[in-house]
Structure formats: C-alpha cells, structure tokens
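Visitor: After the sequence you'll find the predicted model.
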Amino acid sequence: MTKEQGWISSRYSPKDAQDSLQLARKALGDVELAAADYQDWQCQRSPAGAAIGTLARDEQTGQPIGQALTIPVKVRLSGEECTAGLSLNPLTDPDYQGGDVSASLLKDACALAAEEEIAFTYGFPNQDSHSTFVNRVGFRDAGPVPLLVRPLSPERLAMKTTGSRVLARTASVARLVWRTPTPAPPQERLLGLEIAEVSFFDEPFALFWHRVQHRFPVMVVRDPVYLNWRFVDVPAREYTIFAARSEGKIRGYIVLREAPLGRFSAGLIMDLIVEASGEGRAAGRLLIDQAYSYFSDRDLDILAGLALRHTDEFRLLRSRGLWVSPKFLQPQPFRLVVHNHNEEAGPSGLAYKLRNWFLTLADCDAV
C-alpha cells in the first residue's frame, strides 16, 4: 500500500499475527497486549468483524517495524446502528521511531476503514501518539473525558504522591477532603432493588439495552453479544459484573477490574450504565457503593472510572464520593479523537461533539 525509503506496508491479515506479536513484544515488552490469545481475541473475534489495518516491514529484511489497526465496533448513531472503528495505539519498532511510519500507517488504516464503510474511527491515543493522530493524520480532538477517582487508602496515596512518610501522616486531612458519602438512602432498598453478581450477559441485558440505547446520540452497542465478548470471553483478564434488578427488570449494571493505573493500584469501574429513571439512579448509587465495598478489602490505592459530565453516571459517581482527578494522579489524559469517513454534514459528524457521546473505560482499547 505504501512504500517509503527503507520500508513497505501491506494490509494486515491473520497470517501476519506472529509478526505482529513479535513487533508488540519488542515495542511493549512481555505484557498481556503482546500475548497470542489476547491478540486473537482483539483482532479476530470482535462481533463486528476482524481488525482492519496495515503492517510495515523493513524492505530488505522483511522484519515488522510498525502497525496501525482498527477494530470494528457496532455503534448507535442518531438512532441507527452503524459500524465505527476503534483505533488502537500504533506500534513502531523502537529503532524506527521518530520517522513517518506511524503517520503513514494510520492514514492507510483510515483509508481502508473508509473502503469498508466504517462511518468514523475514534480512539484514545496515548501522549506519544496524540499529536500524530491530530496534527498529521487528520483526526479531530473532541475533548477530554474526565477520570473520576476516590482513594481507597488515603495514607498510601499520600505517600505515593508526595514520597514522604511525614506527609502520609496527614491522611486525616485527605479523609476530610475525600469525604465519605452518606450511605445510600434506605428507601432505595424498599424499591425492591437487588444487587447480585453475574457471570455472563443474558436476555434480560438485551431488554435493558433496548430501553437505554436512545439515551445519547452516539453509544457503542452494549448488547449481550458485545458485552460477553468484551468482558466474559476476553483471555488473561478478570472482570467482575454486578447487576441491579427490581420488578424483574435490570435497572443498571457495573463491571469492575483490578489493574494498575499509572503508578497506583486501582479498582477500575470499567462500565457503568443505568436506566434513565428514579429506579435507575437508585440502582447506580447502590452499584457504586458495591464497587467501593468490593475493592476496599483488596489493599488498593484508588477507585477510578471514566464518565462524561452530561451523563447521569457522572453525577452518580460524584454523589458517591468520586471527584474529577487532579492531573498529578492521572497516568495520561483520556482524550477522544475522531476521524469522520463520511460527509461532515451527515450523522457521523455527531461523533465530533463530546456532548453527544456516552463513554466509559470499556470504550478504551487497552483497559
């Protein structure tokens, strides 16, 4: 597809899997993103289709030196279902960084996505890749997605952020700042809400998605097929799922994962979505309290999750003691970037406006 001085690229296919793994291990080290079963899950088993992208090779040796991949994802866009693309952070061999490899491959990946009738491509590039996406490839920065956090261990958090055991002793001040929210009102229990752990997403979740899918103009389709792929079938990761029910209906659910967040150990709220009703908001408060209780005994530093300010989920997280993270606690900014492959006047243009989206950590590619 592209031939530059010293390297040449071609469309990624399953036969490139081993070379892609070789590149990932060289660029990232021995991490789960560079594991064969994880790569197969991410690149070949998405319910919306196999990965689209390009792989670059050294022209003389044939060794892989870079790749840019997009994972097809079903999205609700202005009331209709379409296919969008989640862009993975591009990989480049450390010996070739600083050149045009990433930008060229990202441009080719976008061109292929357009040919495959992908409405738009979106992503959350890391700090090293952000300028390439926006300044060289034509993605538009839609804005930051707030990271909300609440300390699980104020003493350890103080010590890790200040490096001082003396300052760590001022955790009592931190406890005042990070106030403990009042317990969920007893009336919420009287609504008949019950919180239970579930191991997979079944038909009641399909009915729940049918009720909530119209809440925002742009939402990743969270039907059982997608949710089971994202949280149940994924290898090398463990997610814990709680659902809130009343009157036989699911009112909301939360997905949790224990994982590092920068230099902190974190209990992550991967996904939280509730029904737009009084029952749904009551369910959200109980689910967030369940998350805090679940992680409190696991010797972690913080509870954290992503939510946009215009959503009920953001307001619920704030009401349960989570605050928008100060910059020094963030491992990196979570900024949404979007590349529309259709006319900007069409529905895909809605994706450029952050206020049209519903987003959580589940919508990022590497968490």
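Guide: Yes, it's here.
Visitor: Identify each buried residue in the longest helix seen in the chain, please.
Guide: In the chain, with assignment by DSSP state H, the single longest helix is helix 278-296. Along helix 278-296, these residues count as buried under the neighbour rule (16 or more other Cβ atoms under 10 Å): 279-292, 294-295. To be clear about C-beta, it is placed using only N, CA and C from the backbone, and glycine gets the same treatment.
Visitor: Now Arg309. Nearest residue, chain neighbours left out?
Guide: Pro146 (6.4 Å; Cβ to Cβ, 6 or more residues apart in numbering).
Visitor: Now for that neighbour, how many residues are close by?
Guide: One way to gauge burial is a neighbour count; for Pro146, by other Cβ atoms under 10 Å, it gives 21.
Visitor: thinking again about what came up before, what sits up against the longest helix of the chain?
Guide: Helix 278-296 is touched from outside by 150, 152, 183-185, 187-188, 191, 193, 195, 240, 242, 244, 246, 251-254, 256, 258, 267, 269, 272, 274-275, 303, 312-313, 316-317, 319-322, with contacts defined as Cβ atoms under 8 Å, 6 or more residues apart in numbering.
Visitor: part of a helix, is Trp209?
Guide: Yes: Trp209: assigned to a helix according to DSSP: H, G, I helix; E, B strand; the rest coil.
Visitor: That one against Arg222, yeah?
Guide: Yes: here Trp209 lies in contact with Arg222, judged by Cβ atoms under 8 Å, at a distance of 5.4 Å.
Visitor: and those two? which has more neighbours close in?
Guide: Just comparing Trp209 and Arg222: by other Cβ under 10 Å the higher neighbour count belongs to Arg222, 25 against 20.
Visitor: wait, the more buried one sits on Ile273?
Guide: Yes: the pair Arg222 and Ile273 qualifies as a contact (Cβ under 8 Å) at a distance of 6.7 Å.
Visitor: what do the two both touch?
Guide: In the contact map built from Cβ under 8 Å, 6+ apart, the residues linked to both Arg222 and Ile273 are Val212.
Visitor: send the alpha carbons of stretch 273-288 over as PDB?
Guide: The C-alpha coordinates for stretch 273-288 follow below in PDB (Å, rounded to 0.1, in the frame of the first residue of the first chain):
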ATOM      1  CA  ILE A 273     -24.800   2.300  32.800                       C
ATOM      2  CA  VAL A 274     -28.200   2.800  34.400                       C
ATOM      3  CA  GLU A 275     -31.800   3.200  33.300                       C
ATOM      4  CA  ALA A 276     -32.900   6.900  32.900                       C
ATOM      5  CA  SER A 277     -35.400   6.700  35.800                       C
ATOM      6  CA  GLY A 278     -35.600   7.000  39.500                       C
ATOM      7  CA  GLU A 279     -35.100   3.300  39.800                       C
ATOM      8  CA  GLY A 280     -32.000   3.500  37.600                       C
ATOM      9  CA  ARG A 281     -30.400   6.300  39.600                       C
ATOM     10  CA  ALA A 282     -31.100   4.400  42.800                       C
ATOM     11  CA  ALA A 283     -29.500   1.400  41.200                       C
ATOM     12  CA  GLY A 284     -26.500   3.400  40.200                       C
ATOM     13  CA  ARG A 285     -25.900   4.600  43.800                       C
ATOM     14  CA  LEU A 286     -26.100   1.000  45.100                       C
ATOM     15  CA  LEU A 287     -23.800  -0.300  42.400                       C
ATOM     16  CA  ILE A 288     -21.100   2.300  43.000                       C
END
